[in-house]
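Asker: Predicted model follows, preceded by the sequence.
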Amino acid sequence: MKTGKKNRLQKNPSRLNIMDSLLIPAGLSSALRKNLKILYFVWAMLRSSISVELKNMFTALLRRTIMFFNPYHVIEIHERSEHMVRNKLYSLAKAYLSNTCSHGAHKQHAEMTSLSVLPFLTIAEEEEVVNTFQGAKLWWYASSCKPKYITKKYNGEERFYRLTFLKKYRKLVEQEYLTHIFHEGRRILARNRQRRLFTNIRGGTGYTWTCVDFQHPATFDTLALDPVTKRDVIEDLMSFREGKEYYKKIGKAWKRGYLLYGPPGTGKSTMIAAIANFLEYDVYDLELTAIKNNMELKKIFLETSSKSVIVIEDIDCSLNLTGKRVIKKKDKDEAKAAPTVTEGYDNVNTVTLSGLLNSIDGLWSACEDEKIIIFTTNHVDKLDPALIRRGRMDLHIEMSYCTFEAFKVFARNYLGIETHDLFSTIEGLFLEVNVSPADVAEGLMSRSLRNADVDACLANLVEVLNLAKEEMSK
Ligand SMILES: Nc1ncnc2c1ncn2[C@@H]1O[C@H](COP(=O)(O)OP(=O)(O)OP(=O)(O)O)[C@@H](O)[C@H]1O
Ligand SMILES: [Mg+2]
């Protein structure tokens, strides 16, 4: 039994505390090990009969001797740091271990919180796993102890991980491995996080963000878009996502602005959902008309979290953002529908163009990173150039009427076909008519067609396109 324990300890030094380590150091000569054991034996004999001072002295001496000969270094990551504040690194290490090596443990815990989408497995207490990093072997051991600081609110056990490795890897662990755990842990948590769709509403005490689970199924695969534009957007998003170091190097906040413009039903909102799903970000759908003034707007912008897409849909309708243009009498009725915009000075009860620009710039300079802001509009020409200049809206994406290439995405997704006899007719019609992707989608899947076959769906679309052609010629 004892030998079994000893063998196990030799395999995984992370289980050992300072006294236990008298039994291990695998790298030590047998003579040294023997001497240390004698020392330990003497200590055990004397412990009960000597004074406290002597006991402390001897313990310190023993500890230093062990430290000197012990080839291992230990880092403990506790669930709570000083003053019982949750230690972020503990949760990140937990996520990291669950993903990389929790399968090595004999006993695991399955966990799922209201914020995660999938259950994940963690190492149960008193279990150990081995991880390797750049050739270094690292032992992890999960355990719990009495917390150092016991408060009224928290007096239970405190969990911790003990990470043990050979002293020669200390620099590697401190400078690279811990950072690796931090980034990987964050990535894993973000991936397993239930993403949210936030909207701002007015409550009794002012505005507030309220949220629901974000479960829009749109992806770039289901988005019917000209293939070149689609590729450009995906590449832009990918370089944004991986651009943390680059943005830091050039001294720019890690943010990007997109302007989506085009006629109704061309997929602007669908594109936003596809972007959020691609990046695995939350979405903040900002309703400008619910905001009272510039101060409120700034605050609400700053309350958005990292890894998010902030959306202002139909920006031209949300506010009368016509810059310094004088509102003509005949435009006044139209403008009444939107909150008043005062140019030149900031009225306390209005949201102004300069207020919006300042909020965006404030957001850009705020410390929370990784945000994308998207404006959509049906009338790009109505927007003030200052609002959409490069640097604020870096990429302007035109969402246009359906093309034959975009139609093929619908055909693949809705009907499961790559080609059909009617394709050449449809291709010809697309050159003659302007129909939105929304109309094409409806033409392929209207209620009467739910159980119809491919031929009937395509024939219906041809009819829709012919009708549109007639309308156009009228
Ligand atoms: N490019 C597209 N790819 C896939 N589906 C699309 C596309 N465009 C439109 N649709 C379909 O049409 C519906 C309406 O599209 P969406 O709401 O994205 O258009 P929009 O450009 O935001 O319109 P609006 O300007 O009126 O807000 C979507 O639910 C989707 O099913
Ligand atoms: Mg829309």
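Answerer: Noted; the coordinates are in hand. Ligands and ions are numbered 1, 2, ... in the order given.

Asker: right, and the secondary structure at residue 263 would be what?
Answerer: With DSSP: H, G, I helix; E, B strand; the rest coil as the basis, residue 263 sits in coil.

Asker: Give me the nearest residue to residue 466, chain neighbours excluded.
Answerer: Among residues not flanking residue 466 along the chain, residue 429 sits closest, at 7.0 Å (C-beta to C-beta, 6 or more residues apart in numbering). Quick note: C-beta positions are derived from backbone N, CA and C, even for glycine.

Asker: actually residue 407, not the one I typed
Answerer: Closest to residue 407 by C-beta to C-beta, 6+ apart is residue 440, at 5.9 Å.

Asker: Tell me which residue of the chain is furthest from the middle?
Answerer: residue 49 (59.3 Å; C-alpha atoms, centre = their mean).

Asker: and stretch 434-454, which residues are buried?
Answerer: For stretch 434-454, burial by neighbour count (16 or more other C-beta atoms under 10 Å) applies to 435-445, 449.

Asker: Stretch 270-284 now?
Answerer: For stretch 270-284, burial by neighbour count (16+ other C-beta under 10 Å) applies to 270-279, 281-284.

Asker: and the closest residue in space to residue 181 that isn't next to it in sequence, what pLDDT?
Answerer: Once flanking residues are discounted, residue 181 sits nearest to residue 96: 4.7 Å by C-beta to C-beta, 6+ apart. Per-residue confidence at residue 96 stands at 93 (pLDDT).

Asker: Around ligand 1, which positions in the stretch 351-474 of the chain sit nearby?
Answerer: Counting by C-beta under 6 Å from any ligand atom, the stretch 351-474 of the chain comes close to ligand 1 at 378, 399, 437-438, 441.

Asker: swap the cut-off to 5 Å and go again
Answerer: Residues of the stretch 351-474 of the chain lying near ligand 1 by C-beta under 5 Å from any ligand atom: 437-438, 441.

Asker: Let me have those in TSV, extended by pLDDT, distance to ligand 2 and secondary structure.
Answerer: As requested, these are exported to TSV (pLDDT from 0 to 100; distance: C-beta to the ion, whole Å; DSSP: H, G, I helix; E, B strand; the rest coil):
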residue	pLDDT	distance to ligand 2	secondary structure
437	95	12	helix
438	95	10	helix
441	92	14	helix
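
Asker: okay, now residue 66: neighbour count?
Answerer: 18 (other C-beta atoms under 10 Å).

Asker: ok, and it, which helix or strand is that part of?
Answerer: Per DSSP states H and E, residue 66 falls inside helix 52-69.

Asker: for the record, mean pLDDT for that helix?
Answerer: Mean predicted lDDT for helix 52-69 stands at 78.

Asker: Centre of the chain to that helix, how far?
Answerer: 48 Å (C-alpha atoms, centre = their mean, to the nearest Å).

Asker: who are the neighbours of that helix, in terms of helices and strands?
Answerer: Packed against helix 52-69 by the contact rule (3 or more C-beta pairs under 8 Å, 6 or more residues apart in numbering; DSSP states H and E) you find helix 30-46.

Asker: Could you list the low-confidence segments of the stretch 351-474 of the chain?
Answerer: Applying pLDDT under 70 to the stretch 351-474 of the chain flags the ranges 362-368, 446-450.

Asker: Find the closest residue to ligand 2 in it.
Answerer: Going by C-beta to the ion, ligand 2 is nearest to residue 376 of the stretch 351-474 of the chain, at 5.9 Å.

Asker: so after whichever strand or helix holds that residue, what's the next helix or strand?
Answerer: Secondary structure from DSSP H and E places residue 376 in strand 371-377. Next in sequence after strand 371-377, counting helices and strands by DSSP H and E, comes helix 385-388.

Asker: before we move on, the earlier item: for the residue farthest from the centre of the chain, what are its contacts?
Answerer: Not one residue lies near residue 49 by C-beta atoms under 8 Å, 6 or more residues apart in numbering.

Asker: Spell out which residues of this structure are next to ligand 2.
Answerer: 268-269 (C-beta under 5 Å from the ion).

Asker: mind listing the strands for the chain?
Answerer: Taking DSSP state E as the test, the strands found in the chain are 72-78, 108-111, 120-123, 128-133, 136-145, 158-166, 196-203, 206-213, 255-261, 282-285, 308-312, 371-377, 395-398.

Asker: Turn those strands into a markdown table, columns for distance to residue 178.
Answerer: Below are these laid out as a markdown table (distance: least, C-beta to C-beta, whole Å):
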| stretch | distance to residue 178 |
| --- | --- |
| strand 72-78 | 8 |
| strand 108-111 | 23 |
| strand 120-123 | 18 |
| strand 128-133 | 10 |
| strand 136-145 | 11 |
| strand 158-166 | 9 |
| strand 196-203 | 29 |
| strand 206-213 | 32 |
| strand 255-261 | 27 |
| strand 282-285 | 27 |
| strand 308-312 | 27 |
| strand 371-377 | 26 |
| strand 395-398 | 36 |
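
Asker: And the residue of this structure that's closest to ligand 1?
Answerer: Distance from ligand 1 to each residue of the chain (C-beta to the nearest ligand atom) is smallest for residue 267, at 2.6 Å.

Asker: Could you check the pLDDT of that residue?
Answerer: Value for residue 267, per-residue pLDDT: 95.

Asker: what about it, neighbour count?
Answerer: Residue 267 has 23 nearby residues by other C-beta under 10 Å.

Asker: so it makes contact with residue 226?
Answerer: No - using C-beta atoms under 8 Å as the test, residue 267 is too far from residue 226 to be in contact (11.0 Å).

Asker: May I see the residues of the stretch 351-474 of the chain next to ligand 1 organised as TSV, with distance to residue 263 added?
Answerer: Shown next, in TSV, are those (distance: C-beta to C-beta, whole Å):
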residue	distance to residue 263
437	10
438	10
441	15
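
Asker: Now residue 47. Nearest residue, chain neighbours left out?
Answerer: Nearest to residue 47 is residue 55, by C-beta to C-beta, 6+ apart, at 6.7 Å.

Asker: Could you check how far that neighbour is from residue 125?
Answerer: Counting by C-beta to C-beta, to the nearest Å, the separation of residue 55 from residue 125 is 30 Å.

Asker: which parts of the protein sit against ligand 1?
Answerer: Checking the chain against ligand 1 by C-beta under 5 Å from any ligand atom, the hits are 223-224, 264-270, 437-438, 441.

Asker: related to what we said a few turns ago, show me what contacts the residue nearest to residue 407?
Answerer: Here residue 440 is in contact with 224, 402, 406-407, 410, 461, 464 (C-beta under 8 Å, 6+ apart).

Asker: Can you tell me how far residue 270 is from residue 225?
Answerer: Residue 270 is 9 Å from residue 225, by C-beta to C-beta.

Asker: no no, residue 316
Answerer: From residue 316 to residue 225 the distance is 22 Å (C-beta to C-beta).

Asker: In contact with the residue in the stretch 201-350 of the chain that ligand 2 sits nearest to, which residues?
Answerer: Of all residues in the stretch 201-350 of the chain, residue 269 sits closest to ligand 2, at 3.3 Å by C-beta to the ion. By C-beta under 8 Å, 6+ apart, the residues touching residue 269 are 313, 376.

Asker: picking up where we left off before, wait, isn't the residue nearest to residue 466 in contact with residue 469?
Answerer: Yes - between residue 429 and residue 469 there is a contact under C-beta under 8 Å: 6.6 Å.

Asker: more neighbours, the two?
Answerer: Set residue 429 next to residue 469 and count neighbours by other C-beta under 10 Å: residue 429 wins out with 20 against 15.

Asker: OK, contacts around the more buried one?
Answerer: Taking C-beta under 8 Å, 6+ apart, one finds 462, 465-466, 469 in contact with residue 429.
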